[in-house]
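>>> Generate coordinates for the sequence data below:
(chains A and B)
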Amino acid sequence: MGNAFFVVWRESLEAFLIAGILFAWLQANDSSGRGKRALVAGLAAGVGLALALGWALVGVQDELTGDALEAFQVGMLLVAAALIAQMVLWMRKHGRQIKARLHADLSQAAQRTGFLGVAVVAALAVAREGAETVIFLYGLSQEGRIADLFIGTISGFFGAALTAWVATRGLRRLSISLLLRVSSILLLVLASALLVTATDRMIGTGWIPALVDPLWDTSLLIDDGSEAGKLFANFSGYRARPALSVLLAWLAYWAVVLVGWRRTSHG
Amino acid sequence: MHQGPLMPHRRRPDSLWLTVGIAALALLLSLNSVPAHADDMPTIQLLMKDGRLFPETLEVPANTRFRLQIRNEGPGAAEFESLELRKETVLAPGVTRALVFHPMKPGTYKFFDDFHPETAQGRIVAK
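Numbers count the residues shown, from 1 in each chain, chains lettered A, B, ... in the order given. So this is what the prediction gives:
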């Protein structure tokens, strides 16, 4: 039971945190409520996608299909990272115009596409870790641990939702302009972490070279192998033993984002 | 709808689709570069069962590509994970999966079952 709770909690925490930050970010950007509806629709679509992906992973035995699914998961990470960065920067540029409602038509057209991004990001966040949870829960049902399955699932989801709510509570207390800035930065950091994970996985499968591996070792400082360290690594993109190509991908990402950030500050 | 003054701002959908397009392209490329499987690769077996690993220490040749065939006999699901080796794969009960490892330097690399981290800690020793 303890194990079921912990696995479900850990696997769903990331999705809830992303949802929480997106929610806070929408709070600062959009007063129409349509963004939040897009967020909920995206989360629901993510659950469906997680079930489909989990089902596909249960059946997979051979290497080739395994590789294709790995590629699909890496693709999801890259799409999510690119969409988050693009969405945040775009909103930074146009947020003020939308708020001022100078062009009613523009704000409607813009909101539609902007919120499509929110929905896609939310769906990908849920689907990614959700697929693993689906397999874990399927395993419990095969073991016949039905009580664990239900109690673990419900307490795990509830625990993760509560953790995310507490963690983003501080955010919602900020003034609107500060909230916008902080939630934007959090989302950009999160996108960088997704990119780092994708790069790591591509090195693991041999699709890209590691170049120098590892470049350094800071596991004595923060060990990304420990539970807490892993959680931190998942959100910040921190690696105790990064490969050079991971560092390069990370630097390229921040270079692009910083240029975009500067450009939109007076846009 | 007043098209005229709004046109300059209409670039948003394009840039969204451009991003999605680039990502989809990257996905396609990665699908295409799935490596062919050489049959002369040594295959090493790992059994995951009831939250335990058999054997807990895997000896593998250093500087050589090899295949790790992982079988999860259940009863529950298992997740083979190694941060140092950048591998992560979830196995439903009764599933066998093979992972190809790229040549690694001599040394010891940790791995574990992320669904049973208290009992399933193993290491790969490359010699």
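>>> quick one: low-confidence parts of the stretch 51-200 of chain A?
Applying pLDDT under 70 to the stretch 51-200 of chain A flags residues A:60-63, A:95-111.
>>> mind running it again at 80?
Along the stretch 51-200 of chain A, segments meeting pLDDT under 80 span A:57-67, A:91, A:93-114, A:172.
>>> Now it against chain B: closest residue?
A:G139 (2.9 Å; Cβ to the nearest Cβ). Every C-beta, even on glycine, is put in place using the N, C-alpha and C of the backbone.
>>> wait, that residue sits on B:V90?
No: here A:G139 does not reach B:V90: they are 9.3 Å apart, not a contact under Cβ atoms under 8 Å.
>>> Need the residues touching each of those two.
B:77-78 (Cβ atoms under 8 Å, 6 or more residues apart in numbering or on different chains).
>>> Looking at the two now, which is surrounded by more residues?
For A:G139 versus B:V90, neighbours defined as other Cβ atoms under 10 Å in any protein chain shown are more numerous around A:G139 (28 against 25).
>>> what sits against the more buried one?
Contacts of A:G139 by Cβ under 8 Å, 6+ apart are B:74-78, B:92-93, B:115.
>>> Specify which member of those is nearest to chain A.
Each of those was checked against chain A using Cβ to the nearest Cβ; the closest is B:A77, at 2.9 Å.
>>> secondary structure element for the residue nearest to that closest one when sequence neighbours are not counted?
Distances taken as Cβ to Cβ, 6 or more residues apart in numbering or on different chains place A:G139 nearest to B:A77, at 2.9 Å, with adjacent residues excluded. Using DSSP states H and E, A:G139 maps to helix A:104-143.
>>> any idea how far B:P117 is from the closest residue to chain B within the stretch 151-267 of chain A?
Here the stretch 151-267 of chain A gets closest to chain B at one residue, A:G204, 3.2 Å apart by Cβ to the nearest Cβ. Counting by Cβ to Cβ, to the nearest Å, the separation of A:G204 from B:P117 is 19 Å.
>>> What of A:S32?
Counting by Cβ to Cβ - A:S32 and B:P117 are separated by 45 Å.
>>> just A:S265 next, same as before
Relative to B:P117, and taking Cβ to Cβ, A:S265 is found at 44 Å.
>>> Those two - which one has more neighbours?
Comparing A:S265 with B:P117 by neighbour count (other Cβ under 10 Å), the higher total belongs to B:P117, at 16 against 9.
>>> So that one belongs to a helix, correct?
No: B:P117 is assigned coil when assessed by DSSP: H, G, I helix; E, B strand; the rest coil, not a helix.
>>> Excluding chain neighbours, what is closest to it?
Nearest one to B:P117, counting by Cβ to Cβ, 6+ apart, is A:E227 at 7.8 Å.
>>> swap in A:L43?
Counting by Cβ to Cβ, 6+ apart, the residue nearest A:L43 is A:A122, at 5.0 Å.
>>> The one you found: neighbouring residues, count only.
25.
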